[in-house]
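*Asks:* sequence unavailable; structure follows:
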Ligand SMILES: NC(=O)c1ccc[n+]([C@@H]2O[C@H](COP(=O)([O-])OP(=O)(O)OC[C@H]3O[C@@H](n4cnc5c(N)ncnc54)[C@H](O)[C@@H]3O)[C@@H](O)[C@H]2O)c1
């Protein structure tokens, strides 16, 4: 029987090459004083920003060079207050989109990020709607333009954790695959593996529902046909469009079905090592699939068989074929195992204890034991 479910969705989602040209009208529909959050080199998206700026009474631009921290969230919120912002625009990867989500929430609710952060913060409820946020991704990976959380690094705790509430889903996601055409191969590889993982984990999660299943299936089919192509030939707009679709559908799926052990570990390992989120997901994906498959009942195995068919394009593929295909993909994309980021076996106990408490772990299809989680971590360290 289908479990009860509810969906958190953006009020509007525009998808397709060229849709970034709509941004001036979309942003002006929400306000006149815009806080803009971009990646570390705002000049890269100046063609997109210039027409937006032209229609605004006030503009503050906040660039974020790496994955955002609580301190970045405080600074972006101050910048927004400085112009009395009434709308927020994010143009960039998951990092600027998450920073914009945090600032839009804090500008409306007041207080400090630590008041609201889960796990290491005070976890206060978010009671007011954030400022309207328009999000236009320039990577195909996180799906952050349609999710209800903002991931922030908390350096003093050595972790990345989320601000989270259904109210935090951006008001309007503008997904233009052409904005990803200039992503270099390493970013395409890491963010593409994040997108793929964010379709796979919700599909096998214990919170999957018929709507998220459809999104995950379409996203996995798209990644299966196009991630290698987009990595090899960044100018291939059809492959970029498939990966943008996979990314946005992965975001919709994760926001509405939860994730699993890959993401349970990812926040911890990203916080400890500084490795990019997508690279961490890629290193963990097949060790987690193997651990879950070893404990799978017939239903879960059937789900992994379906994933294998969609990724490989082979109607006879079984779960193990899918895992082997993923191993080859990670190799071909040149993504190294976790040891390359300075993580070690000595950290296993600490890493596993922190990962077990992460909110994503609750979505894993089977509750993995401490021993099983330790094996996953050690396998991801060495790439086996
Ligand atoms: N909120 C969510 O639901 C969610 C989901 C998954 C991940 N995340 C978070 O998102 C962050 C990672 O985001 P990301 O993977 O998109 O990476 P990113 O935003 O950190 O960008 C990675 C690099 O690519 C560059 N870049 C971005 N777009 C480019 C383009 N079009 N051309 C050339 N260079 C470009 C950036 O400047 C940066 O150097 C992490 O903090 C992760 O935890 C959030």
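*Replies:* Structure's in. What do you need? No experiment lies behind these values; they were computed from the predicted model shown.

*Asks:* would you mind measuring from the residue in the stretch 251-384 of the chain that the ligand sits nearest to to residue 268?
*Replies:* Nearest residue of the stretch 251-384 of the chain to the ligand, counting by Cβ to the nearest ligand atom: residue 277, 3.6 Å away. From N, CA and C alone the C-beta is placed, and that goes for glycine too. Taking Cβ to Cβ, to the nearest Å as the measure, residue 277 falls 12 Å from residue 268.

*Asks:* so what sits against both of those two?
*Replies:* residue 160 (Cβ atoms under 8 Å, 6 or more residues apart in numbering).

*Asks:* write out the residues of the stretch 101-250 of the chain neighbouring the ligand.
*Replies:* 138-139, 141-144, 147, 149-151, 160, 179-180, 182-184, 187, 191, 194 (Cβ under 6 Å from any ligand atom).

*Asks:* could you do the stretch 251-384 of the chain as well?
*Replies:* So the stretch 251-384 of the chain meets the ligand at 251, 277, 278 (Cβ under 6 Å from any ligand atom).

*Asks:* turn these into TSV, columns for neighbour count and pLDDT.
*Replies:* Output for those, formatted as TSV (neighbours: other Cβ atoms under 10 Å; pLDDT from 0 to 100):
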residue	neighbour count	pLDDT
251	31	98
277	25	95
278	30	97
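
*Asks:* mind checking which of the residues you listed land in strands?
*Replies:* If you go by DSSP state E, those have nothing in strands.

*Asks:* now the closest residue to residue 210 other than its chain neighbours: how far from the ligand?
*Replies:* Leaving aside its chain neighbours, residue 210 sits nearest to residue 2 (6.1 Å; criterion: Cβ to Cβ, 6 or more residues apart in numbering). According to Cβ to the nearest ligand atom, to the nearest Å, residue 2 and the ligand sit 25 Å apart.

*Asks:* residue 206 now?
*Replies:* According to Cβ to the nearest ligand atom, residue 206 and the ligand sit 19 Å apart.

*Asks:* what ranges of the protein fall below the confidence cut-off?
*Replies:* Across the chain, nothing is flagged by pLDDT under 70.

*Asks:* how about the residue nearest the centre of it, phi and psi?
*Replies:* A centroid search over the chain (Cα atoms, centre = their mean) returns residue 142, at 2.6 Å, as the residue closest to the centre. Backbone dihedrals for residue 142, given as degrees, to the nearest 10, come out at phi -80, psi -30.

*Asks:* the one 10 residues further on now?
*Replies:* Note on residue 152: backbone dihedrals following degrees, to the nearest 10 are phi -130, psi 140.

*Asks:* now for residue 211, how many residues are close by?
*Replies:* 15 (other Cβ atoms under 10 Å).

*Asks:* next up, the contacts around it.
*Replies:* Neighbouring residues of residue 211 by Cβ under 8 Å, 6+ apart: 5, 7, 256.

*Asks:* what separation do you get for the first one and residue 63?
*Replies:* According to Cβ to Cβ, residue 5 stands 38 Å off from residue 63.

*Asks:* just to revisit the earlier point, ok, and the most crowded of the contacts of residue 211?
*Replies:* residue 256 (23 neighbours).

*Asks:* now do the SS call for that residue.
*Replies:* When classified by DSSP: H, G, I helix; E, B strand; the rest coil, residue 256 comes out as helix.

*Asks:* is it correct that it is in contact with residue 10?
*Replies:* No - using Cβ atoms under 8 Å, residue 256 makes no contact with residue 10, being 12.0 Å away.

*Asks:* who are the contact partners of the residue of the stretch 1-150 of the chain found nearest the ligand?
*Replies:* Using Cβ to the nearest ligand atom, the single residue of the stretch 1-150 of the chain nearest to the ligand is residue 93, 2.1 Å away. Neighbour list for residue 93: 39, 137, 138, 139, 141, 142, 187, 191 [criterion: Cβ under 8 Å, 6+ apart].

*Asks:* next, the contact list for the residue of the stretch 251-384 of the chain closest to the ligand, please.
*Replies:* Counting by Cβ under 8 Å, 6+ apart, the residues that residue 277 touches are 67, 94, 141, 142, 151, 160, 190, 194, 266, 270.

*Asks:* what does residue 292 give?
*Replies:* Residues in contact with residue 292 (Cβ under 8 Å, 6+ apart) are 204, 260, 261, 300, 304, 364, 365, 366, 368.
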